[in-house]
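> model the following, please.
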Amino acid sequence: QLQLVESGGGLVQPGGSLRLSCAASGFTLGSYAIGWFRQAPGKEREGVSSISSSGGSSNYRDSVKGRFTISRDNSKNTVYLRMNRLKPEDTAIYYCAAGSGWPATSYDYWGQGTQVTVSS
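Modelled structure (predicted):
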């Protein structure tokens, strides 16, 4: 069964850090571009960051540039999102997704999400 599982979310104070992980089972993550998305209550889902299958290319939405870093370890079938200097507006459910090509025009497999809450 093809599956993506996110982990690493939680409650953190403003200015804190978290590292999210996206682990794949049932398929080789290294064949896919991976995107991180988030959805806050009452808002549309938005793309946060993505990385090519090799890890050689990545991009970020403007609001997280300089604070978030995406990386991947294909030997562990896992992609990471390191989030520093977190802000309350980063609060959302974070999802990872796997897509083909670069940049990926569609994402075929999605995880269930992990909650990130930034609050004092």
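> my guess is S120 contacts Q13. True?
Yes: with contacts defined as C-beta atoms under 8 Å, S120 counts as touching Q13 at a distance of 5.3 Å. (C-beta placed from N, C-alpha, C; glycine too.)
> what sits against the residue lying closest to G55 once chain neighbours are set aside?
Once its chain neighbours are removed from consideration, G55 has its nearest residue in R72; the separation is 4.8 Å (C-beta to C-beta, 6 or more residues apart in numbering). Shown here is R72, whose contacts under the criterion C-beta atoms under 8 Å, 6 or more residues apart in numbering are 29-30, 34, 51, 55, 78-80.
> can I get these in CSV with pLDDT, neighbour count and secondary structure?
Compiled in CSV, these are given as follows (pLDDT from 0 to 100; neighbours: other C-beta atoms under 10 Å; DSSP: H, G, I helix; E, B strand; the rest coil):
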residue, pLDDT, neighbour count, secondary structure
L29, 89, 22, helix
G30, 89, 16, helix
I34, 97, 29, strand
I51, 97, 24, strand
G55, 94, 16, coil
T78, 96, 18, strand
V79, 97, 30, strand
Y80, 98, 21, strand
